[in-house]
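>>> attaching a predicted model along with its sequence, questions to come.
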Amino acid sequence: MRLCRLVRRASIVWLSAIRMKNNNLQTEIDACFLYRKHTENEADSSLVHIFSQMSVIERSHAEAITEKQNISLVNMIKPSWWAKTPNMTGRIFGYDYVLA
């Protein structure tokens, strides 16, 4: 009985750690996507440069996470609806609205 509880707890902790890593990866992918979209739609060249650099940084974070987990980045590079929603809002109301 005690062994079953220990095994169950260990598996819950293990699954929580995997979900946390996947959440971190998805956050990096989403941030990369949003910075790239801001780069594509920004008129100020200094902000374009900053958003471009931030996109590259977030992509490198995603690549580092996938290397640690032995996951192909090609399969994981899709932004979530959490990132697509502000992008759609930006297209409708303007990206300045999203940044505010």
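Sure thing, it's come through.
>>> low-confidence ranges, this structure, go.
1-22, 73, 75-77, 95-100 (pLDDT under 70).
>>> which residue ranges form the helices in it?
Taking DSSP state H, the helices of the chain run over residues 2-41, 45-69, 73-76, 81-93, 95-99.
>>> for the second one, packing partners?
Counting contacts by 3 or more CB pairs under 8 Å, 6 or more residues apart in numbering; DSSP states H and E, the secondary-structure elements packed against helix 45-69 are helix 2-41, helix 73-76. C-beta coordinates here come from the backbone N, C-alpha and C atoms, glycine included.
>>> recalculate using a threshold of 10 Å.
If contacts are counted by 3 or more CB pairs under 10 Å, 6 or more residues apart in numbering; DSSP states H and E, helix 45-69 sits against helix 2-41, helix 73-76, helix 95-99.
>>> any buried residues in it, and which?
Across helix 45-69, burial judged by 16 or more other CB atoms under 10 Å covers 51-52, 54-55, 58-59, 61-63, 65-66.
>>> nearest to residue 89, of those residues?
residue 51 (16.7 Å; CB to CB).
>>> tell me who's in contact with the closest one.
By CB atoms under 10 Å, 6 or more residues apart in numbering, the contact set of residue 51 is 34-42, 44, 95, 99.
>>> I'd like to know how far it sits from residue 26.
Going from residue 51 to residue 26 by CB to CB, to the nearest Å gives 20 Å.
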